[in-house]
Each structure stands twice: as C-alpha cells, then as structure tokens.
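S.K.: no sequence for this one, just the structure:
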C-alpha cells in the first residue's frame, strides 16, 4: 500500500464493501473515506491481489462499475449446493395455505387471495415466488388490471403430478354436511343437557 494509506482506510474500505448489497463505485468509496479515487482503485486492486494470494474463498472484484465482495468462482459448486439446500426448507403453514388457494383458484389476484385468507398475503407470496412455485400468468381484464397468479411447472414437479387436473378434488378435504351439523350440535350442547342425557342413558341400561 502507499505510505499515505492508513490501516484504518483499508479496514474502512473492507467494512463498506462487506455490508454493501450492490457493487460500490470507486468515487463513492473515495468520498466516504476522504481519499482520492485513484488511491481507492489501488487499495481495492491490492486487496484483491492479497486475497487471491492468500487463497481465500472470497475475493474483491470490480463488477458493473463498482467493487464488491463475492465468493471465489472456483467454489461455485459448493455455493450452489448451499443455496439449493436452503430452497428445500419447509414452507410455513401460511405459505402452504396460500399455495393451495392459488393452485385451486388460479388464475387469482393478490386481493382475491387476501379476501379468502383474511390477511395480507404479500410476504408468503414473495416466498412462493422466490421458490418458483408461483408466477404471474396474466392480468385481470377489469379495472386496475391486477396481476393474476398461478402455479408453475416446478410446483407440479414437486407434487409429482403431470397437470393441475391431477390435483385431488377439493371436496375430499371438506367434511360431509351431516358430519359438520353433528359436530356443531355436539359442540354447542348445553352442559345441563349433557347431564340429563347421561341420566336417561343410565336409566335405560338399568331397565
């Protein structure tokens, strides 16, 4: 490093690049550390060389007009394995519920999903979209032309089915009306009625 470049300056450059989400232009780094742009170019270049020489799994690279930290290209297989393993994380109950609504009601808009679930589905929809289980399939012809969502080929692959027609009928998940009525009657039964019914049953057994 040049004599006028302090250890603090080098550490500051590293810290800035470490927290940056996008490549940081040389001029911006120079402003932040109050050094000439040419000096920052040299600092970043020498840091890149020192990391490469030390054999680190990361590097500083100049990309799209700015500098950034990134994994070393020759370690791409391990990084890809890590990312793909993260994609296999289980979906939350809310995400599964939203995915089921989209699967059975598609094409469907975000507002329609919200009206069914009763909550804002934006967060779980971002998750499902990020996992490539859902995607925009068109726009509503009505006012506002809302984005309509549907499931993807990957969704079918994950379920092991050839088409949406192979989804189980939604009626199979809904209990029979007579069963629902019986459950409601049982759950709403007054405690005194339960005692009287039990007494009648005891009398019948005694006779």
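M.R.: Nice, I can see it. In this text, all values refer to a predicted model and were calculated from it rather than measured experimentally.
S.K.: regarding this protein, what is its longest helix?
M.R.: helix 37-54 (DSSP state H).
S.K.: which of the residues in that one are buried?
M.R.: 39-40, 43-44, 47, 51 (16 or more other C-beta atoms under 10 Å). The way it works is simple: take the backbone N, C-alpha and C, and place the C-beta from them, glycine included.
S.K.: stretch 71-87 now?
M.R.: Buried residues in stretch 71-87 (16+ other C-beta under 10 Å): residue 72.
S.K.: quick check, central residue of this structure?
M.R.: Per C-alpha atoms, centre = their mean, the C-alpha nearest to the average position across the chain is that of residue 127, at 2.5 Å.
S.K.: list the contacts of the closest residue to that one other than its chain neighbours.
M.R.: Spatially, and ignoring its direct neighbours in sequence, residue 127 is nearest to residue 95 (5.5 Å; C-beta to C-beta, 6 or more residues apart in numbering). Residues near residue 95 by C-beta atoms under 8 Å, 6 or more residues apart in numbering: 124, 127-128.
S.K.: got it, and residue 70?
M.R.: 58-59, 61, 63.
S.K.: mind checking the backbone torsions on it?
M.R.: Backbone geometry at residue 70, expressed as degrees, to the nearest 10, gives phi -150, psi 160.
S.K.: ok so, going back, how close does the residue nearest to residue 127 get to residue 60?
M.R.: Separation of residue 95 from residue 60 (C-beta to C-beta, to the nearest Å): 37 Å.
S.K.: so which residues of this protein form helices?
M.R.: Using DSSP H, helices in the chain cover 7-19, 26-33, 37-54, 76-87, 93-105, 110-117, 122-130, 153-159, 177-187, 191-206.
S.K.: worst mean pLDDT among the ones you listed?
M.R.: Among those, helix 191-206 carries the lowest mean pLDDT, at a mean of 48.
S.K.: returning to what we had before: pretty sure the residue nearest to the centre of the chain sits against residue 91.
M.R.: Yes. Shown here, residue 127 and residue 91 form a contact pair, counting by C-beta atoms under 8 Å, at 7.3 Å.
S.K.: could you export the helices of the chain as TSV, including distance to residue 68?
M.R.: Putting these into TSV (distance: least, C-beta to C-beta, whole Å) gives the following:
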stretch	distance to residue 68
helix 7-19	6
helix 26-33	11
helix 37-54	10
helix 76-87	15
helix 93-105	31
helix 110-117	33
helix 122-130	22
helix 153-159	30
helix 177-187	58
helix 191-206	68
